[in-house]
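S.K.: Give me a 3D structure for the following:
(2 chains)
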2 protein chains.
Amino acid sequence: MPTLTQMIERRRRLLGPAYRLFYDEPVHFVRGDGVWLYDADGKRYLDAYNNVASVGHSHPRVVEAISRQAATLNTHTRYLHETVLDYTERVLATFPGEPGHAMWTCTGSEANDLAYRIACNYTGGTGLIVTNFAYHGVTMAISQASPSLGQYVRRGPHVRTVRAPDTYRDAPGNIGAALAAAVRDAAADMRAAGIRPAALLVDTVLSSDGVHTHPAGFLKPAVAAIREEGGIFIADEVQAGLGRTGDAMWGFMRHGVLPDIVSTSKPMGNGHPLAGIVAKPELLERFGRESRYFNTFGGNPVSAAAGLAVLDVVRDEQLVDNAQWVGAYLRSKLLALKDRHAVVGDVRGAGFFIGVELVLDRAGKSPATREASRVVNALRERQVLCSTTGEHANTLKIRPPLVFGPEHADLLVSTLDDVLHTLMT
Amino acid sequence: MPTLTQMIERRRRLLGPAYRLFYDEPVHFVRGDGVWLYDADGKRYLDAYNNVASVGHSHPRVVEAISRQAATLNTHTRYLHETVLDYTERVLATFPGEPGHAMWTCTGSEANDLAYRIACNYTGGTGLIVTNFAYHGVTMAISQASPSLGQYVRRGPHVRTVRAPDTYRDAPGNIGAALAAAVRDAAADMRAAGIRPAALLVDTVLSSDGVHTHPAGFLKPAVAAIREEGGIFIADEVQAGLGRTGDAMWGFMRHGVLPDIVSTSKPMGNGHPLAGIVAKPELLERFGRESRYFNTFGGNPVSAAAGLAVLDVVRDEQLVDNAQWVGAYLRSKLLALKDRHAVVGDVRGAGFFIGVELVLDRAGKSPATREASRVVNALRERQVLCSTTGEHANTLKIRPPLVFGPEHADLLVSTLDDVLHTLMT
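M.R.: Residues are numbered from 1 along each chain as shown, chains lettered A, B, ... in the order given. This next block holds a predicted model:
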């Protein structure tokens, strides 16, 4: 077996310098099962981070669906196939309002890129409004609207950013109005540069902006604002979607809004590359007439079978309910850490999307960036996986598979308690 | 079982108007095996079209690799995993020249989009040169450089097109020089508009331009020209790659050029969403420093396992050789149809990438567009699958799985002979 150092060097040689690894001491996993990941030495790690393995690592029903369909047929959407239609029907049935159309891609980047193309076609504009530390993907168009990629990935000339709500620092009553005002300002600023607004694109849990979920409903005035400006609202559900917030199947539902387009990806295929959009039919009328859409692998029978199995497991194992009640239990236990550790400034989130913001002082709320990094690395040493998020990377991002149980919540919190005690005293 | 009409209506309702089906009477496939696809009535069709199922539909070794790895672990490239490194090493070993770096995506659109981002970062330009009926993908940036998507998908202001070589009509000795001159003109035209050239992006078999492969080497002067203009050469191997041309593992090798970036996708995972780029290390130095790259599903352990299995099968079943000799046999038999059918104007291609151009008259070489469509639909009635390509859609596109044998070539040609006899007399 190669050493970690050898693997890292081999990786750098083969994949080049654009790839990043998690942790000061990266982990080499060889097996996964439910909420557990096993490294090459057989040590097991509690996964409190990976939403992609939404119904748990290597879930046998998903594996079986993929294996069976791969052994039978894997083609594309230029031939008729029932599985993609069955899957689409099941997905659309989870959406409120009039039935939309779904279009299938392989990644969230592709889904957001397609949503943006449709927004431009529908509105005749190109202007795109995102939050100031948003991440929406890595295509050329979408990377230009993903400020969290850093200063060197240039913001597109048609992109404007609005300050994301900061539910820890802002007055709760003002969040919705402030965001809507920022959207109107951004639209005015584009118009002054001759750019017509096409869309407001928002991750409905504001994950890369630091996880901001409450008070639910704060997106509503901003959605009204973009529509008044002639643009549409695209809800990025790549992170929030598929029941993760516990109180709803999709993050936008918590806010009482009906998006024009919804994009989704990460949790849909439990790791199998499956992503797509759901759009109001009127948005696709002209787009569909003027532009064929074909994604070679998107919506293929194996992806659709994987997606169906995930939906079956979410239903049969009641994972949305699980996210709600175990999520609430986990947050309540995390909240109790505030009494024991001054560095814990805020515990927030919905269901299994939780942010624990670390601060240097509770009065000034200044970000404890270095401390957050040390905590994440210390948790990894104690075989618990999470990460940080937010512009200052000082918020612990806790986003476990939906099968996370109360015993896992206990282990996570006791380990975190221990780590905070060791590091901060 | 629903009728075809019911399925088509259901599909329209669920997926909307942007999706297109093959054939006047679409086909509903339920099973695949090697070069055969089976419809819902149990009728089998000879697949002379699908390069995605590169080693044959439902190849047991690929299915086994996917099933085994999906049951073990499916995560992402932020943790260490050996399979993606083993796969990358195997892929890079098929390339000539100094070892490059590979970066993994899920689709060819993403691969070309990433190649373009890197080209812009490396050159400081944005100008992109493509052939006049190119297809490179569906992201915003790449759809704007894919004229074959039709007049309504607007060409980007930074995109210039050059006339693709037409190996049926142009003097062979002049093709390379003409393409190079067109590249220089396009670069001058961009500069006049204040746009700096970033890249020449060419599908190395010019599939959507009508399949143009000979004389091999004609890309060489154009590659030299774009470099003189300060841009790089991106070889789009999504269609030509992985041994399909029989005489080389990658289409660019036939032309004696060394691209700066190569993109690949369709055949790599035998239907599993697996795609990526290979780039010269110097192109990634700044890009990698300035921009992290993370594709959630790209290069995951299951995709890498699928890719490894495909490479194993290509090697063990000697499929590159098979493409070369069965391809040559198939072309010779197709060529013989010229003596029997005046509509067959030209038979061309390399290995298993073959174009049969239909013309109304051999002297004027005017495109027989309607006839080509009737032939493709008649072949489908007789359970043989192919399609058309080229700006006038008058070239039969024959691009079978690499396991196509001489007996399949015989069946394809005798059916085509029969169809041409019935339709054209």
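S.K.: How many residues are close by A:K43?
M.R.: 11 (other CB atoms under 10 Å in any protein chain shown). Every C-beta, even on glycine, is put in place using the N, C-alpha and C of the backbone.
S.K.: Revised request: answer the last question for A:S67.
M.R.: Neighbour tally, A:S67, other CB under 10 Å: 19.
S.K.: Same check on A:R68?
M.R.: Per other CB under 10 Å, the neighbour tally for A:R68 reads 14.
S.K.: quick one: it and A:A306 touch, right?
M.R.: No. Under the criterion of CB atoms under 8 Å, A:R68 makes no contact with A:A306, lying 10.6 Å away.
S.K.: Next, count neighbours for the residue of the stretch 301-425 of chain A found nearest chain B.
M.R.: Proximity to chain B, evaluated over the stretch 301-425 of chain A using CB to the nearest CB, is greatest for A:V302 at 6.9 Å. By other CB under 10 Å, the residues close to A:V302 number 29.
S.K.: Work out for me the element it sits within.
M.R.: helix A:301-316 (DSSP states H and E).
S.K.: Buried residues in the next helix or strand after that helix, which are they?
M.R.: Moving toward the C-terminus from helix A:301-316, the next helix or strand (DSSP H and E) is helix A:319-340. Within helix A:319-340, the residues scored as buried using 16 or more other CB atoms under 10 Å in any protein chain shown are A:319-320, A:322-324, A:326-328, A:330-331, A:333-334, A:337.
S.K.: mind checking how far helix A:319-340 is from the chain centre?
M.R.: 19 Å (CA atoms, centre = their mean, to the nearest Å).
S.K.: what angle separates the very next helix or strand once past it from helix A:319-340?
M.R.: Reading on from helix A:319-340 to the C-terminus, the next helix or strand found by DSSP H and E is strand A:344-350. Orientation check (axes from the mean of the first three to the mean of the last three CA atoms, to 10 degrees): strand A:344-350 against helix A:319-340 gives 170 degrees.
S.K.: what is the rounded mean pLDDT of strand A:344-350?
M.R.: Throughout strand A:344-350, pLDDT has a mean value of 98.
S.K.: Distance from that strand to the middle of the chain?
M.R.: Centroid separation between strand A:344-350 and its chain, computed with CA atoms, centre = their mean, is 17 Å.
S.K.: Assign a three-state SS to A:A177, would you?
M.R.: Of the three states, A:A177 takes helix under DSSP: H, G, I helix; E, B strand; the rest coil.
S.K.: That one - nearest residue in space that isn't next to it in sequence?
M.R.: A:P221 (5.9 Å; CB to CB, 6 or more residues apart in numbering or on different chains).
S.K.: residues touching the one you found, list them.
M.R.: If you count contacts by CB atoms under 8 Å, 6 or more residues apart in numbering or on different chains, A:P221 has them with A:G176, A:A177, A:L179, A:A180.
S.K.: cutoff 6 Å now
M.R.: Under the criterion of CB atoms under 6 Å, 6 or more residues apart in numbering or on different chains, the neighbours of A:P221 are A:G176, A:A177, A:A180.
S.K.: and the second one, how many neighbours does it have?
M.R.: For A:A177, the neighbour count with other CB under 10 Å is 13.
S.K.: cool, A:A93 as well?
M.R.: A:A93: 10 surrounding residues under other CB under 10 Å.
S.K.: do the same with A:G217
M.R.: 13.
S.K.: follow-up on the earlier one: from memory the residue of the stretch 301-425 of chain A closest to chain B sits against A:A71, does it?
M.R.: No. In this structure A:V302 lies outside contact range of A:A71 using CB atoms under 6 Å: 9.7 Å.
S.K.: Relative to B:L200, how far out is the residue of the stretch 151-300 of chain A found nearest chain B?
M.R.: Using CB to the nearest CB, the single residue of the stretch 151-300 of chain A nearest to chain B is A:G288, 2.8 Å away. To B:L200, A:G288 is 32 Å away according to CB to CB, to the nearest Å.
S.K.: again with A:A53
M.R.: According to CB to CB, A:A53 stands 41 Å off from B:L200.
S.K.: out of those two, which sits in the more crowded spot?
M.R.: More crowded of A:A53 and B:L200, by other CB under 10 Å: B:L200, with 32 against 28.
S.K.: The more buried one and B:A235 touch, don't they?
M.R.: No. Using CB under 6 Å as the test, B:L200 is too far from B:A235 to be in contact (9.5 Å).
S.K.: quick one: low-confidence parts of chain A?
M.R.: For chain A, no stretch has pLDDT under 70.
S.K.: And the most centrally placed residue in it, which helix or strand is it part of?
M.R.: Taking CA atoms, centre = their mean, the centroid of chain A lies closest to A:Q239, which sits 1.6 Å from it. Assigned by DSSP H and E, A:Q239 belongs to no helix or strand.
S.K.: I figured it hits A:S207, correct?
M.R.: Yes. Look at A:Q239 against A:S207 with CB under 6 Å: they come within range, at 4.4 Å.
S.K.: still on that earlier bit, now the helix holding A:V302: buried residues?
M.R.: For helix A:301-316, a neighbour-count test (16+ other CB under 10 Å) marks A:301-311, A:313-314 as buried.
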